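Enquirer: Here is my input, please return the structure:
(chains A and B)
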Amino acid sequence: MKILVAVDENAYSRYAVRQAARLAANTWADVVMLAIEKNRAYIAEEELDPAHAHPRLRLLSRYRADFLDALGPDVDLYSDRADAPFVRREDKVLEQDLSGRKTFKLHLRDGDPVKAITSEAQAEGCDLVILGCGQHEGGWGRGSDVPGRVADAADCSVFVIREEPATSRVVCCLDHADISQESLELINQWVTIYAAGLEVVGVLKKGELREEVEAKMGEVLDYYLKRDVHALIRVVDEDSLETFIESGRKDDLMALWLKHKSPLQRLFHSKRVNALVNHASSSMLILR
Amino acid sequence: MDMLKALVPVEMTLASNVALRYLCRKAELLGIAVQPVHVEEPDHKPHSSETGWIRRSWESGLRQAGLEEVQRILNSEKLDCFILPNPIVRVGDREDTLLEELRLGGYDFFVEGEVANFNTGAFRKRLRSKLYRQMPCPVLLVRNMIQSDRLALVLDEKTDVDSLVARFHHLFGGRAVDFDLCAYAMDDLHQDPHPDELLSEGAELLGKLGYTPARAFTLLGAPETAARSLGDYGMIVAHMDRKSNRKSPLTEVLGLVSSPILICW
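Expert: Sure thing, here's the model as predicted:
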């Protein structure tokens, strides 16, 4: 598993880093930590100290220290050295490789944060993007809706963390039968990490649960019961789904299985996924 | 101690599957024998003959298909509780057939599955159905396989406490049940009777029959909040007057709660 943790200078990024560390400790994941800066160019940049030319490199180093702290001393997956050089790659990404037994890289990109995060996730072949988000607003700069747009545009799963989570319930909305084993395992991880309850919510279309969705809910239920995860099932009408997701509480983690051909994806066309992620009270996990 | 007899529809649905599995896990607690029933509802297309051997053989074909389906489901679930060996398979209207079987078979309760909906409309529709309005015994509506064996007896101002306690005694008498007594109201202002009086009345009636709740408490708040608070119980037991309280706040709580609910009429 490869995780991309996108960070900025706000407190929510610190929460995101800590949660990423908890997941990494459980899954032995490869990790890329990404910061984004405004476009800038220096004359003879190679003669400058990278840390001075690019202040966000210091931010990345601090978050890396937070990440290693959150892992604890017993987890020997990543190196704790700090001497690797910053290298400017051909694709303009500034990279510091701090890998230990597992990959750990600090990356700095410039430009639009949404493009930077989605391009990074694609270039690195990440399975999950983790990023923080302000309460009831996107954060990542004034008036920005970056988390929502990333959740909508990324090809992989995206976890948008609102604040230091005291998650007591993970609510997974399911409207199609084509869900991946990886996404089931990812839910399993978060349920275990948070010691949270799990609710699998089927989406009713015209008051009916479609046969393949019903069968999949049964399989999902079996999957979790076999792993001693206490899972509840419920249904919600398609018309009430948006209200239902928005009504998620701070201690909920709302997970949506989105696929490009999923009716849920059609229902939540770009602007709505964006708005939902940016304005919800709960943390959101978009599963692909 | 006699075994209770429960009539349980066995169907190829998630709700039915959950109900069967829950029931088998709780078989010891409830002391039940499960009588599977399956109703094949014929389509309403005109058939070549409405009477005579053609109809009889068509019905017998449907019955055979139904029986095979029930056996397949029961075998695939590998249930280890006591299931009566001969499933009842009928052809006809589901509600009418189940009502007839409930009346003739002398069952202690009817059990069926339901996937809970955040919109309680489906639950209210179920309460308005002919089956629920005329059912001669309590119904256990299973929504999830909750592991806890702890029960909650929930009272509200419309509860017939006498009747609820009598039903509870009939179903659980002689079994080691761990239960709490709860009085629910949106708030405790202008409640008649007051939740505290309800709790005292319930505790007294239960005490006379030798039961002591582990905890007696008042639950105040909106139905959504109350439903969430009751979510950890393995079963919610409540009384419902079929004529008067289908729209009460407690009905909303029962509609929303994730746990299985035993409704006594």
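Enquirer: where does chain B dip in pLDDT?
Expert: B:1, B:43-56, B:58, B:77-80, B:244-246 (pLDDT under 70).
Enquirer: Mind jotting down where the helices sit in it?
Expert: Under the criterion DSSP state H, chain B contains helices at B:14-25, B:27-30, B:52-77, B:94-105, B:121-128, B:130-134, B:161-172, B:195-208, B:223-229, B:249-256.
Enquirer: The third one versus helix B:14-25: what angle between them?
Expert: Taking axes from the mean of the first three to the mean of the last three Cα atoms, to 10 degrees, helix B:52-77 and helix B:14-25 form an angle of 60 degrees between their directions.
Enquirer: Can you give me the buried ones in helix B:52-77?
Expert: Of the residues in helix B:52-77, B:59, B:62, B:66-67, B:69-70, B:73-74 count as buried by neighbour count, 16 or more other Cβ atoms under 10 Å in any protein chain shown. C-betas here are computed from N, CA, C, even on glycine.
Enquirer: hmm, back to that, between the helices of chain B, which one is nearest to chain A?
Expert: Closest approach to chain A among the helices of chain B (Cβ to the nearest Cβ): helix B:14-25, 4.8 Å.
Enquirer: other SSEs contacting the closest one?
Expert: Packing partners of helix B:14-25 (3 or more Cβ pairs under 8 Å, 6 or more residues apart in numbering or on different chains; DSSP states H and E): helix A:211-226, strand B:4-9, strand B:32-40, helix B:52-77, strand B:109-113, strand B:139-142.
Enquirer: and with 7 Å instead?
Expert: For helix B:14-25, the helices and strands in contact under the criterion 3 or more Cβ pairs under 7 Å, 6 or more residues apart in numbering or on different chains; DSSP states H and E are helix A:211-226, strand B:4-9, strand B:109-113, strand B:139-142.
Enquirer: Out of those, which gets nearest to residue A:115?
Expert: helix A:211-226 (34.1 Å; Cβ to Cβ).
Enquirer: mean confidence for the closest one?
Expert: In this model, helix A:211-226 has an average pLDDT of 89.
Enquirer: tilt between it and helix B:14-25?
Expert: Using the same axes, to 10 degrees: helix A:211-226 against helix B:14-25 is 30 degrees.
Enquirer: Alpha carbons only: can I get helix A:211-226 in CSV?
Expert: Written as CSV, here are the backbone C-alpha positions of helix A:211-226 (Å, rounded to 0.1, in the frame of the first residue of the first chain):
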residue,chain,number,x,y,z
GLU,A,211,-30.7,-7.3,-6.0
GLU,A,212,-26.9,-7.0,-6.6
VAL,A,213,-26.5,-4.3,-3.9
GLU,A,214,-28.5,-6.5,-1.5
ALA,A,215,-26.3,-9.5,-2.3
LYS,A,216,-23.1,-7.3,-1.9
MET,A,217,-24.3,-6.0,1.4
GLY,A,218,-24.7,-9.6,2.6
GLU,A,219,-21.1,-10.3,1.4
VAL,A,220,-19.7,-7.2,3.1
LEU,A,221,-21.5,-8.1,6.3
ASP,A,222,-20.1,-11.6,6.2
TYR,A,223,-16.6,-10.3,5.4
TYR,A,224,-16.6,-8.1,8.6
LEU,A,225,-18.4,-10.7,10.8
LYS,A,226,-15.7,-13.2,9.9
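Enquirer: Now the element after it, going C-ward?
Expert: strand A:231-237 (DSSP states H and E).
Enquirer: Please see if that next one touches chain B.
Expert: Yes: if you take Cβ under 7 Å from any Cβ of the partner chain as the test, strand A:231-237 does meet chain B, through A:232-237.
Enquirer: what's the most distant pair in those?
Expert: Farthest pair in those, by Cβ to Cβ: A:232 and A:237, 17.8 Å.
Enquirer: For the two, indicate the residue with more neighbours.
Expert: Legend: neighbour count by other Cβ atoms under 10 Å in any protein chain shown for residue A:232 and residue A:237, higher for residue A:232 (22 against 18).
Enquirer: In this model residue B:258 seems to touch the more buried one, though I could be wrong.
Expert: Yes: in terms of Cβ atoms under 7 Å, residue A:232 counts as a neighbour of residue B:258; the distance is 4.9 Å.
Enquirer: what sits in contact with each of these two?
Expert: residue B:144 (Cβ atoms under 7 Å, 6 or more residues apart in numbering or on different chains).
Enquirer: got the contact list for residue A:26?
Expert: Residue A:26 sits in contact with A:189, A:193, where contact means Cβ under 7 Å, 6+ apart.
Enquirer: Distance check, it against chain B.
Expert: 24 Å (Cβ to the nearest Cβ, to the nearest Å).
Enquirer: State the phi and psi torsions of that residue.
Expert: When read as degrees, to the nearest 10, the backbone of residue A:26 gives phi -80, psi -30.
Enquirer: any idea how far residue B:67 is from it?
Expert: 48 Å (Cβ to Cβ, to the nearest Å).
Enquirer: In CSV, list the helices of chain B along with distance to residue A:4.
Expert: Conversion of the helices of chain B to CSV gives the following (distance: least, Cβ to Cβ, whole Å):
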stretch, distance to residue A:4
helix B:14-25, 36
helix B:27-30, 48
helix B:52-77, 42
helix B:94-105, 52
helix B:121-128, 41
helix B:130-134, 52
helix B:161-172, 55
helix B:195-208, 53
helix B:223-229, 35
helix B:249-256, 38
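Enquirer: List the contacts of residue B:237.
Expert: If you count contacts by Cβ under 7 Å, 6+ apart, residue B:237 has them with B:151-154, B:168, B:262.
Enquirer: top of the residues you listed by neighbour count?
Expert: residue B:153 (28 neighbours).
Enquirer: bridging residues for that one?
Expert: Beta bridges link residue B:153 to residue B:181, residue B:237, judged by DSSP bridges.
Enquirer: for the helix or strand where residue A:118 lies, what is the average pLDDT?
Expert: Under the criterion of DSSP H and E, residue A:118 resides in helix A:113-124. Across helix A:113-124, the average pLDDT comes to 93.
Enquirer: After that helix, which helix or strand is next? Please name it.
Expert: Helix A:113-124 is succeeded, C-terminally, by strand A:128-132 (DSSP H and E).
Enquirer: Name the surrounding residues that touch that next one.
Expert: A:3-6, A:10, A:12-13, A:15-16, A:19-20, A:117, A:121, A:139, A:147, A:150, A:154, A:156-161, A:186.
Enquirer: for chain B, what are the nearby residues on chain A?
Expert: So chain A meets chain B at A:202, A:214, A:217-218, A:230, A:232-237, A:240, A:244 (Cβ under 7 Å from any Cβ).
Enquirer: Kindly check the end-to-end length of stretch B:228-242 for me.
Expert: Taking Cα to Cα, to the nearest Å, stretch B:228-242 runs 25 Å from one end to the other.
Enquirer: Pretty sure residue A:149 sits against residue A:274.
Expert: Yes: in terms of Cβ under 7 Å, residue A:149 counts as a neighbour of residue A:274; the distance is 5.5 Å.
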